[in-house]
Structures are given as structure tokens and as C-alpha cells.
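S.K.: predicted structure and sequence below. I'll ask about it afterward.
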Amino acid sequence: MTPPRRPYADGARDHYDFVVCGGGTAGCVIARRLSDDPGVSVLLIEAGGSDQVPAVIDTTRWMSNIGSERDWGYRAQPSATLNGRTPVLPMGKVLGGGSSINGSIWARGHRHDYDDWAEAAGDPAWNYASVLAIYRRIEDWQGPPDAQRRGRGGLLNVEPPRDPVPLVPALIEATDALGIPAVDDINGAAMEGDGGCGLANLLVRDGNARESVAATYLHPVLGRPNLDVLLCAEVTQLLFDGAGDGLRCGGVEFVRRGRPHRVTAGREVVVSLGAINTPKLLMLSGLGDAAVLRRHGLATRRHLPAVGRHFQDHILLAGCCWTYVTPEPPRNNAAEFVFYAKSEASRRTPDLMPVLEETPFASEAVALQFDVPSGAAHAWTLAPGLARPDSRGQVRLASADWRDAPLIDANFLSEPSDVRALVRCVELCREIGNAAPVAPFRAREAFPGPLTGAALERFVRDASGTYFHQSGTARMGRDDRESVVDGQLRVHGVAGLRVADASIMPSIATGNTMAPTVVIAERAAQILHAAHGLAAPP
């Protein structure tokens, strides 16, 4: 009798048709879709370990993953625009990546996001109508029917929170009264217009069981003989053949358990390491700004000055906090209410995206200034969020050693327009939290209180941090000066190499980035299937 195949590979063969670097949100989708053709061999390389741990499976425990071994542990460089702070930049280091450690919010983005991407790429396959078709195909939506926008029967079980905390309907009533309309589906028509408020969509099953991208796309196919999934292995170098216009990526080097390995890719290498590690790997491999590479003693394979630049992240402000009259333990993902609104009526797209945190939520600087309530059930936070930041940052190499973490200049709030928008967002969240419908759930406002002027701006800079949505550092576009990949996700000037993750976003999506990253990966799979004549999925 043949013993059952182990779900994860003990090692890698010398050669595969496709090598996918990174088993996060995008990499799991791509590996699954490529391996749907039994005639090709696929290697998926993930630096983290298994996602089969309680803190991943139970989505109510998602915050416990931050700072754990399932987080890369990155921090931004000190920033004067945040009063010298160095905010954490969590990023998943586990099979499933961010989809295994995040708050499970499924936010599909605004119509304008995708139409803008299509314009940047010069390719209508990225526009809203095309992306909507992908969403309908992959979703199994359990909320109000909407045949035009929502799908049924797909891989991903998406549902509204079940039996949310009683505070949530009160917040919806108060927000609606301010002219931000309550909607049945926050991912429906609201994301084609000026926004709205309501229940978050969650990528869960049975209320709080996480439906990560690894669990949905990858776990069901781990027994495939043409797919190897290698955990605890970090890609350190891309391998090339040729030079100049004949440059081609033909494989990768990686380190596992302290030992270096090399595998070749007969067809293509796909890099899906996220918006921090993707540019790091590209630069270590000689793809980047030639002057920067020279300073680190690295040979330039291709001068691509946009690698690592145009870093974007949504800003999450911690926060606007109230104590409960009666303690209420968090439910579902502990973040059941969201709204999208405009900071100014002239805005083309909603630029504010606050979220309810069913717990006290304060930055380290805010905690020094205010009496922060203790205990998750004793307080709640309406955390202001910025969906369309104008500020841009950069990811830089610390050295030519792959073991050194990159330097991340997040540049949060470096543009005055972002500060103005967040000041308005704090005012809006305080107005909602202090409104009459919320009174039964509000004992006292813990912070920030009625700050104005310079004091309010200082609070915004002290409280602002990441929404965990890093993007833009290998952006998609038509030329190799301001972008890294083209509309087919090919790295400019390099054959056999594509990038597919949030780093390719020409501009950050409006809303949490997990769902748009799945779309990027699904689109990458379509492109690869067409380019290589692969068999359609069964």
C-alpha cells in the first residue's frame, strides 16, 4: 500500500514549470490555479509555517497574531510626521499570509479603483466590469441577493456578521442620521457611489471560523502530485539567464533550515511576497534603481527606478474610544461595523473608512496621555481610517544581506491633505459615538474628547498608524520609469518573471486590501493560463 502523501513537501525537486514565491493571499491563489492543469509542475515557497493553529483558525483571536512568529515584525523608520514614532507594520509570515492573521474583512474596493488601474495599465481587463466578473465567480455570498454584483457557489464563503453586538445597530442609526446612508451590503451599490455604512463582509464560516485564502484555495488540493508546498523556506535570490534585452528569470535560490537550495523554473517565476518583501527580493536580485544597487555593491540586471517606491498604506487611527455602560464581549471578528464617506464633498471617491474595534484601541503615544480602559469587553473604539492617502513612502534595502530587514519609510501624514482628512474623520467619529442612539452603550468618552486646532492635529499624529494594507511598491504601469510591471504583470524588460500581490496596485484600493489582492491573483492566473495554453480548471 502506498502511504498517504504528506500535505507539505519535505524538500524541493531541482526543476518545476512554475515557481511561486510567497504563500500568502496571492500566492495561494496562483499556486492553486496553476496546479489545476495536471500537466504542469508547481512549487510554492512560503517563509512561514502552517496556518493550522488556534490563533489563525478562530478569527476572534486575530490580534494575538500581531507580533507573534506569524508576523514579520516590521516597523517603519522614525517619522517626524508622526511625532518621531516608529509604527509597526504587521505582515503575515504564515501560509495564507495576511488572510491568515487579519480581521477577516472582505472589502472589494470602489468602482473607481479598478477603472483607474485599467487606465494605468492600458488594459481594460483591469476595469471594474471585468473585476466584478471575477468577484461573482469566486464568491459564495450569504447576504442579501444582488445578481448584478454578488456571486453564489464560488470558493469563498463571504457573509455578514452573525448576531453582532447590540452597539452595531445603534452606530448604524447614528451614522445614517448624519447623511451616510445605511446599506444592506457595504460591498454593493455603495461602492459605486459615495459610500455608506453597515455591517462588514467577513471571510468566515459558521460565524467565527476563518476562511483564509490558504484554507479555501490551497488545503483542498494539497494532495495533488503536481504541487509542492514548501514551508519555512525564504527566497533569497532570483536567478537569471542572458543580459540586456535577453534577460530572463530562470529560477530562484532559497534558504530552508539554514541550508541554501536552488530550483529552476522552465516556464515562469511569480513573485508574491507582499509590498515589503517583493521589492526587497527584486533589489537583492539586481532589479531596481542602478545608483541604489551600486551603493550596496549589487550588480544591476535591469534599471527599474520604481522598485520600492510609491509605498502606500491606509491609515488607521487609534482611536476614538468610549467605555461601555454594561460590558459586552466582542463577537465575530470584533470589527463588525464600517462606513465609507468623503472628507470633502468634492472628493471623487470616498476617502474615509472608519471601523469599529470592539475593544480599547490606543497607540503607545495616546496611552501615555489618556486613561485607556482595560479589558476587551469594557470599551469600544470607533477607529478613524483613511482610504485614499496622498502620502507616499519607500521601501529600501538595509544592506546586500538577505537576512537584514528592509528599511521602510512609510511617510504617513507627510501630505497636509491627509492630516485634514483625518481631522475631519475624528470629528465625524466623535459625532457618531456621542450621538443619542448610542447613549445606551456609552458610559464615558475615554479619548480624545473635544480637542481642536493644534491639539487635535497633534492627537492625529500621535494616534495614526497602519491599517496593515501595504501596497504600491512594484506598481503596474506602461513604462519602466514610474512602474515595475506591465498590464500582464510582467516585470519590465525581464522575461519569465511576473509580480502578483498588493505591491502592483497603481493606487491603493478603497477598503481592506485582501479582496483586491485575491482579484490580482485571479487575474494573474488568467494571464498565465492564456500565455502558456494551460488547461482550464476542472
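M.R.: On my side now, so go ahead.
S.K.: quick one, helices of the stretch 201-350 of the chain?
M.R.: In the stretch 201-350 of the chain, the helices defined using DSSP state H, counting those that start in this stretch lie at 213, 274-284, 290-295.
S.K.: wait, residue 110 sits on residue 507?
M.R.: No - the criterion here is Cβ atoms under 8 Å, and residue 110 misses it with residue 507 at 10.8 Å. Where C-beta positions appear, they are placed from N, C-alpha and C, glycine not excepted.
S.K.: when those two are compared, which one has more neighbours?
M.R.: The neighbour count for residue 110 versus residue 507, taken as other Cβ atoms under 10 Å, is higher for residue 110 (25 against 18).
S.K.: so what's the closest residue to the more buried one other than its chain neighbours up against?
M.R.: Closest residue to residue 110 apart from its sequence neighbours, by Cβ to Cβ, 6 or more residues apart in numbering: residue 510 at 4.0 Å. By Cβ atoms under 8 Å, 6 or more residues apart in numbering, the contact list for residue 510 reads 107, 109-110, 112-113, 191, 340, 349-351, 353, 387-388.
S.K.: in strands, which of the residues you listed appear?
M.R.: Among these, the members falling in strands (DSSP state E) are residue 340.
S.K.: ok, and the most crowded of the contacts of residue 510?
M.R.: Top of the contacts of residue 510 by neighbour count (other Cβ under 10 Å): residue 387, with 30 neighbours.
S.K.: which residues touch that one?
M.R.: With the criterion set at Cβ under 8 Å, 6+ apart, residue 387 makes contact with 314, 340, 349, 350, 351, 352, 353, 508, 510, 511.
S.K.: and the gap between it and residue 463?
M.R.: Look at residue 387 and residue 463: by Cβ to Cβ, to the nearest Å, they are 17 Å apart.
S.K.: count of neighbours near residue 240?
M.R.: Look at residue 240: counted by other Cβ under 10 Å, it has 21 neighbours.
S.K.: what residues go with each domain of the chain?
M.R.: Listed by automatic domain parsing, the domain ranges of the chain are 15-52+213-308+472-532, 55-88+157-209+312-394+404-466.
S.K.: related to what we said a few turns ago, for the residue nearest to residue 110, helix, strand, or coil?
M.R.: Following DSSP: H, G, I helix; E, B strand; the rest coil, the label given to residue 510 is coil.
S.K.: helix, strand, or coil at the closest residue to residue 339 other than its chain neighbours?
M.R.: Excluding its sequence neighbours, the residue lying closest to residue 339 (Cβ to Cβ, 6+ apart) is residue 197, at 3.5 Å. Secondary structure assignment for residue 197 (three-state DSSP): strand.
S.K.: for residue 197, name its beta-bridge partners.
M.R.: residue 182, residue 339 (DSSP bridges).
S.K.: most tightly surrounded among the helices of the stretch 201-350 of the chain?
M.R.: Highest mean neighbour count of these: helix 213, a mean of 29 (counted as mean count of other Cβ atoms under 10 Å).
S.K.: what lies in contact with that one?
M.R.: Helix 213 has contacts (Cβ under 8 Å, 6+ apart) with 24, 25, 28, 29, 96, 97, 99, 100, 514, 518.
S.K.: looking at the protein, which helix or strand is least sure?
M.R.: Here the helix or strand of the chain ranked lowest by mean pLDDT, DSSP states H and E is strand 209-210, holding a mean of 89.
S.K.: please state the offset of it from the chain centre?
M.R.: 18 Å (Cα atoms, centre = their mean, to the nearest Å).
S.K.: which helices and strands does it pack with?
M.R.: Contact partners of strand 209-210 among helices and strands, from 3 or more Cβ pairs under 8 Å, 6 or more residues apart in numbering; DSSP states H and E: helix 54-57.
S.K.: continuing past the helix it packs on, what's the next helix or strand?
M.R.: Per DSSP states H and E, the first helix or strand lying C-terminal to helix 54-57 is strand 74-75.
S.K.: touching the helix or strand immediately after that next one in the chain from outside, list them.
M.R.: Heading C-terminal from strand 74-75, the first helix or strand you meet, by DSSP H and E, is strand 88-89. Taking Cβ under 8 Å, 6+ apart as the criterion, the residues outside strand 88-89 that touch it are 66-67, 73-76, 276, 313, 408, 410, 465-466, 468, 470.
S.K.: before we move on, back to that, ok, the residue nearest to residue 339 - how many residues close by?
M.R.: Residue 197 has 24 neighbouring residues, counting by other Cβ under 10 Å.
S.K.: need the contact list for it.
M.R.: Contacts of residue 197 (Cβ under 8 Å, 6+ apart): 171-172, 175-176, 180-183, 186, 337-341.
S.K.: how about a cut-off of 6 Å?
M.R.: For residue 197, the contact set (Cβ atoms under 6 Å, 6 or more residues apart in numbering) comprises 172, 175, 180, 182, 339.
S.K.: just the C-alphas of the lengthiest strand in the chain, formatted as PDB.
M.R.: Criterion DSSP E: the longest strand present in the chain is strand 259-271. Taking Å, rounded to 0.1, in the frame of the first residue of the first chain, the C-alpha atoms of strand 259-271 are listed here in PDB:
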ATOM      1  CA  ARG A 259      20.700  25.400   4.000                       C
ATOM      2  CA  PRO A 260      20.700  27.100   0.600                       C
ATOM      3  CA  HIS A 261      18.900  25.500  -2.300                       C
ATOM      4  CA  ARG A 262      18.400  26.300  -5.900                       C
ATOM      5  CA  VAL A 263      15.500  25.400  -8.200                       C
ATOM      6  CA  THR A 264      14.900  26.200 -11.900                       C
ATOM      7  CA  ALA A 265      11.600  27.200 -13.500                       C
ATOM      8  CA  GLY A 266      11.000  26.100 -17.000                       C
ATOM      9  CA  ARG A 267       8.200  28.500 -17.700                       C
ATOM     10  CA  GLU A 268       7.900  31.300 -15.200                       C
ATOM     11  CA  VAL A 269       8.700  32.600 -11.700                       C
ATOM     12  CA  VAL A 270       5.900  34.500  -9.900                       C
ATOM     13  CA  VAL A 271       6.800  36.800  -7.000                       C
END
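S.K.: noted, bye for now.
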